[in-house]
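J.: With the sequence up front, the predicted model follows.
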Amino acid sequence: MEFEVEEFPNVFSLDRYRLLKGYTELSQSTTELNDVDQVYFNSRGEPKVINKKFHLTKDDVEAILIERVEKNTTTETLVIKKADFIGKSMWDFLRKKSAISARITHEEWLDKFHSRIETVAPGDGLLCNLVTTAYFDKSDRLIDTKYEVVFVHKKVDVLNLQQELKYDNE
């Protein structure tokens, strides 16, 4: 089994959160292997065996690194870049001019969406309540941000709204 692993930056500027998160993903990928299976990591041209018995969970990483968590709820319009048409995974949105991924947890709206009562098309957005969760380390540095859409008020035709605003300003 071969993994594509990012090349590590300078060891002195290594992001501990990224390193531990990467190790967590690697250790989770070995849980289904047989006892005789081996996992190797190529380090400076030499294969090194990875200990499959040592596992670090996402909760372990957070307990080690996260000192403070801040949650903020806002009502805003997110432009849909990529929807999840089948399950309950992450959607990709444009928030102002930044791309974000967020899980929609508003079950009632999701049920309507998956049963085609609510439909979305290119140029649509969602007016929604967005929970932004920021995670800070012991040095008060932001180490991760997660987004969750907890309530969808309505679908917004962002493309036509932008056109109307453009004509209003002329």
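T.: Okay, I see it. Numbering: from 1, shown residues only.
J.: Can you identify each of the helices in the chain by residue range?
T.: 16-29, 58-65, 107-114, 158-168 (DSSP state H).
J.: Residue 99: which of those helices is closest?
T.: Nearest of the helices of the chain to residue 99, taken as CB to CB: helix 158-168 at 14.7 Å. For glycine as for every other residue, the C-beta is placed from the backbone atoms N, C-alpha and C.
J.: need the contact list for the residue nearest to the spatial centre of the chain.
T.: Central residue of the chain (CA atoms, centre = their mean): residue 101, 5.1 Å from the mean position. Going by CB atoms under 8 Å, 6 or more residues apart in numbering, residue 101 touches 90-93, 147.
J.: May I ask which of those has the most neighbours?
T.: residue 93 (25 neighbours; other CB atoms under 10 Å).
J.: Pop the domain breakdown of the chain in here.
T.: Following automatic domain parsing, one gets these domains for the chain: 11-65, 68-168.
J.: now, which of the contacts of residue 101 sits nearest residue 119?
T.: Nearest member of the contacts of residue 101 to residue 119, counting by CB to CB, is residue 91, at 14.5 Å.
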